[in-house]
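Enquirer: from the sequence below, what's the structure:
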Amino acid sequence: MTTSNVATMADRTMLVSMSRHIAGFSKKDKTATAQLLAANNARKGAAVVTKSVLEGCPQLKACQDQYNLLHREHVRMTKPFNDTPLRVLFCAMFPEYNSIMTGHINTYYALADTFAASYQFEKHEAEHVQGDLYKESDYPAVDVIRAKFSVELEYYPMPREDHWALDISNDITDELTTQFKINMQKAEATIYKDIYGDVFTRLGNMSKQMGEYDKKLLSESKRRPAIYDSLVTHIIDIADVMQKCNPNGDPDMDRMRIDILNAMRGVTTEGLHASQDLRTRTKVAVDDILAGLPNF
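Expert: Residues are numbered from 1 along each chain as shown. As a prediction, the model looks like this:
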């Protein structure tokens, strides 16, 4: 990997952690479990009855969907920091990350408020859904439930080699510095691997679909093969990531980013549907980029 004389990764990045919490409504029912085991002459531990005590609640489902979206967006805009819960956030990505995540968090809290407002009604509905499995103790007070919905973002500076304490021996400082350099080299390699892995996946999907499209057209199926808008937008997105999240300004990555943008110039979902020539040219361009991907 070529490294240019640009700002170090510590100058270009920060670390971020996201903690998210949601109320759970799956409960183990000891009484129902005992009845099930007895009815089937089974030993203790052979089965467990787990019930969803708010099954079918649309307000809770909306919260759960937003909870999962928070994780996906957090991962999409950050990169792994070795094997830690922290994620690397590039300074160039921070405005986008902050804006998008703030919006998603506000939406999550609004959905949690809506769920809390409907909780008593849904609790009464659960009596009909649960039947004999219904237990009042499965439903805490609404303020207790609402407090379980939360999201916290915490930002930290990227550590630097010169951050070690000055009151320890030189031998220990040297050892720590050496280990730090190894860890940071590993972190940089992990980021490059993550980015190029996304390039491989997204361009690979494009190549596969372009290669199979005309075969499907000639098949007995009367349905036209689907090409989704995300097929193109995902590739444009990864080019944006390659520009904003290049750990040390690696020129090879930047050249590949430009190649990707050139390959996607003029490529639209509608055009790919309409033109076999465009499909062929796009596949050739994408395959050329895939052939130049570094090995990790």
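
Enquirer: any stretches of this protein with poor pLDDT?
Expert: 1-7, 162-168, 220-222, 296 (pLDDT under 70).

Enquirer: contacting residues for residue 81?
Expert: 15, 87-88, 187, 190 (C-beta atoms under 8 Å, 6 or more residues apart in numbering). Using the backbone N, CA and C atoms, a C-beta is placed for each residue, glycine as well.

Enquirer: now do the strands in the stretch 151-296 of the chain.
Expert: With DSSP state E, counting those that start in this stretch as the definition, the stretch 151-296 of the chain shows no strands.

Enquirer: all the helices of it, residue numbers only.
Expert: 170-217, 229-244, 251-264, 269-274, 276-291 (DSSP state H, counting those that start in this stretch).

Enquirer: contacts only, for residue 33.
Expert: 47-49.

Enquirer: and the helix or strand hosting it, what's buried?
Expert: In this structure, residue 33 sits in helix 30-39 according to DSSP states H and E. Buried residues in helix 30-39, counted by 16 or more other C-beta atoms under 10 Å: 32-33, 37.

Enquirer: and for stretch 289-296?
Expert: Those would be residue 289, for stretch 289-296 by 16+ other C-beta under 10 Å.

Enquirer: what does it contact?
Expert: Under C-beta under 8 Å, 6+ apart, the answer for stretch 289-296 is 1, 189, 192-193, 196-197, 199-200, 203-204, 207, 252, 256, 259-260, 263.

Enquirer: now the buried members of those residues.
Expert: Taking 16+ other C-beta under 10 Å as the criterion, what is buried in these is 192, 196, 199, 203, 207, 256, 259-260, 263.

Enquirer: if I look at residue 58, how far off is residue 114?
Expert: 10 Å (C-beta to C-beta, to the nearest Å).

Enquirer: between these two, point out the one with more neighbours.
Expert: Shown here are residue 58 and residue 114; by other C-beta atoms under 10 Å, residue 114 has more neighbours (15 against 11).

Enquirer: circling back to that earlier point, how about the buried ones among the contacts of stretch 289-296 in CSV, adding distance to residue 20?
Expert: Putting the buried ones among the contacts of stretch 289-296 into CSV (distance: C-beta to C-beta, whole Å) gives the following:
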residue, distance to residue 20
192, 28
196, 28
199, 28
203, 31
207, 35
256, 34
259, 37
260, 32
263, 37
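
Enquirer: farthest-separated two in the residues you listed?
Expert: The most widely separated members of the buried ones among the contacts of stretch 289-296, counting by C-beta to C-beta, are 192 and 207 (21.4 Å).

Enquirer: circling back: can you redo the helices of the stretch 151-296 of the chain as CSV with distance to residue 150?
Expert: Formatted as CSV, those follow (distance: least, C-beta to C-beta, whole Å):
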stretch, distance to residue 150
helix 170-217, 28
helix 229-244, 28
helix 251-264, 37
helix 269-274, 39
helix 276-291, 42
